[in-house]
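Q: have a look; sequence and predicted model below, questions after that.
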Amino acid sequence: MSGLTSPFLSQIGGALRWVTLLFVALTAMSVACATEKDPWNAFRGERRVVVVRAASPEDPRLAEQRRTWQDHRADLVARDAAVVEWLGEDTVVSWPERHALSILPALRVLEPGLADRPWVILLVGRDGGVKARWDRPVAVSELTRLIDAMPMGRREKVARDAAGAP
């Protein structure tokens, strides 16, 4: 009897492997399609993103903004905020991560016409929505107050205060 069931079980096992492979392939395709439809999806939930759009790396507002970042970087990092500078056509500088080139398609979808603006700063929340826009350099204290006033930011602030973080 065991000789009869063994090939049957072998066939079921082979079929289950194919079904599993098919399921994995379909899942991967659906994730790829979701990211293609919503390029910001790859960044959602991970960090807040402060986008600085300058038509030129020589823009004096950019130098002013960088001085502000430099003095208060820890405050932004404590709030899980990454800064992305989109300069000129496609030059991107970012911190704390250095892999921001993939963010350009997402920015073009998130904020149509952003490439045509000579200067703008956007605060993008963890949910992928634009929370604020500035047409001038912005103080880190203004950014952090805004982040801390958001519902998730309020919860994070309580945790930072309890830990003694900035």
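A: Structure's in. What do you need? Numbering: from 1, shown residues only.

Q: would you mark the buried spots in stretch 151-162?
A: 153, 156-157 (16 or more other Cβ atoms under 10 Å). Where C-beta positions appear, they are placed from N, C-alpha and C, glycine not excepted.

Q: what ranges does the chain have for its strands?
A: 48-54, 81-87, 91-95, 119-124, 130-134 (DSSP state E).

Q: rank the ones you listed by mean pLDDT and give me the bottom one.
A: Lowest mean pLDDT within the strands of the chain: strand 91-95, at a mean of 71.

Q: sorry, back to before: in a markdown table, list the strands of the chain along with mean neighbour count.
A: As requested, the strands of the chain are exported to a markdown table (neighbours: other Cβ atoms under 10 Å):
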| stretch | mean neighbour count |
| --- | --- |
| strand 48-54 | 24 |
| strand 81-87 | 21 |
| strand 91-95 | 16 |
| strand 119-124 | 20 |
| strand 130-134 | 15 |
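
Q: would you turn these into TSV with distance to Ala162?
A: Formatted as TSV, the strands of the chain follow (distance: least, Cβ to Cβ, whole Å):
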stretch	distance to Ala162
strand 48-54	21
strand 81-87	20
strand 91-95	27
strand 119-124	25
strand 130-134	25
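
Q: I'd like the buried residues of stretch 151-162 laid out as a markdown table, including pLDDT and distance to Glu46.
A: Shown next, in a markdown table, are the buried residues of stretch 151-162 (pLDDT from 0 to 100; distance: Cβ to Cβ, whole Å):
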| residue | pLDDT | distance to Glu46 |
| --- | --- | --- |
| Gly153 | 75 | 15 |
| Glu156 | 79 | 14 |
| Lys157 | 77 | 19 |
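
Q: low-confidence ranges, this protein, go.
A: The model of the chain has pLDDT under 70 over residues 1-43, 91, 96-103, 165-166.

Q: the same query, at a cut-off of 80, please.
A: Applying pLDDT under 80 to the chain picks out residues 1-46, 89-111, 152-157, 159-161, 164-166.
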